[in-house]
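Colleague: Turn this into a model:
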Amino acid sequence: MTSTQLPLDLPHREALGREDFLIANANEAAVAFVDRWPHWPFHTAVLVGPAGAGKTHLAQVWCARSHARMAEAETLREEDVPLLAERKAVLLENIDRLPPTAEPALFHLINQIKEVGGHLLMTARVSPAHLDITLPDLQSRLRAALVAEIGAPDDMLLSAVLQKLFNDRQLMASEAVLTYLTAHMDRSVAAAQKLVAEIDRAALAGKRRITVPLVAEILRRDTSSS
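Modeller: Numbering: from 1, shown residues only. Presented below is the predicted three-dimensional model:
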């Protein structure tokens, strides 16, 4: 009879430094743009890419260099603007989730950042031209911002991301496992993050090594449940 261990959701350390960011064709232009700070030609910029593409990681690299204040677009308020702009470097995450009530606050933040000679870096899943913004003045400000895009990962980047995710959890994954996953999984970093977490739980629960049969089983289970 095979014993099953109850997996615990223990925290794991994610490596989020500049040296840990994996560079490939899909993101090299965005990385080069962030590395050029503070010599940006504009005061406002938008880092655009699909979910899990590495926007937050790259934005945090910029925050570490610029000592920026961080805020979420969903909770941005007008009274927050003076304190944010005071630092002269601000990261505003997920502007594609900006509620209409927060549009005046973002408009004022962009203006104040320009007035103090600072920089505002925003993240979004879509380009500013495709944001559902109702305030015309804010719409024009966002469309004038510099845009740096992160594309979907290619095979090389996806394999490297998987390896990093396994390493973050102190797990061993063979080249065969990485090749199998890259060929059969959904092609996104978000999917890689979900899969590695599921593989970790399954390996711990069944006291199994991470092998191709194990990851194939998890992929089949995910496919049948979707």
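Colleague: Low-confidence ranges, this structure, go.
Modeller: 1-21, 225-226 (pLDDT under 70).
Colleague: Can you check which helix is longest in it?
Modeller: helix 189-206 (DSSP state H).
Colleague: ok, then the element right after that one?
Modeller: Next in sequence after helix 189-206, counting helices and strands by DSSP states H and E, comes helix 212-225.
Colleague: Moving C-terminal from the helix or strand containing Val31, which element do we reach first?
Modeller: Assessed by DSSP H and E, Val31 sits inside helix 28-35. Taking DSSP H and E as the definition, the helix or strand that follows helix 28-35 towards the C-terminus is strand 44-48.
Colleague: Just list what that next one packs against, helices and strands only.
Modeller: Contacting strand 44-48 under the criterion 3 or more C-beta pairs under 8 Å, 6 or more residues apart in numbering; DSSP states H and E are the following elements: helix 28-35, helix 55-66, helix 103-115, strand 119-124, helix 136-143, strand 146-149. For the C-beta atoms, the positions are set from N, CA and C on the backbone; glycine is no exception.
Colleague: Distance from the fifth one to the middle of the chain?
Modeller: From the chain centre to the centre of helix 136-143 is a distance of 24 Å (C-alpha atoms, centre = their mean, to the nearest Å).
Colleague: Okay, angle between that helix and helix 103-115 too, please.
Modeller: With axes from the mean of the first three to the mean of the last three C-alpha atoms, to 10 degrees applied, the angle from helix 136-143 to helix 103-115 works out at 50 degrees.
Colleague: And the contacts of helix 136-143?
Modeller: 44, 46, 95, 103-104, 106-107, 110-111, 128-129, 131, 133 (C-beta atoms under 8 Å, 6 or more residues apart in numbering).
Colleague: would CSV of the residues you listed with distance to Arg208 and neighbour count be doable?
Modeller: Formatted as CSV, the entries for the contacts of helix 136-143 read as follows, by distance: C-beta to C-beta, whole Å; neighbours: other C-beta atoms under 10 Å:
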residue, distance to Arg208, neighbour count
Thr44, 49, 24
Val46, 43, 24
Ile95, 43, 24
Glu103, 51, 19
Pro104, 55, 16
Leu106, 49, 25
Phe107, 54, 21
Ile110, 52, 24
Asn111, 57, 15
Pro128, 47, 22
Ala129, 48, 10
Leu131, 45, 17
Ile133, 49, 21
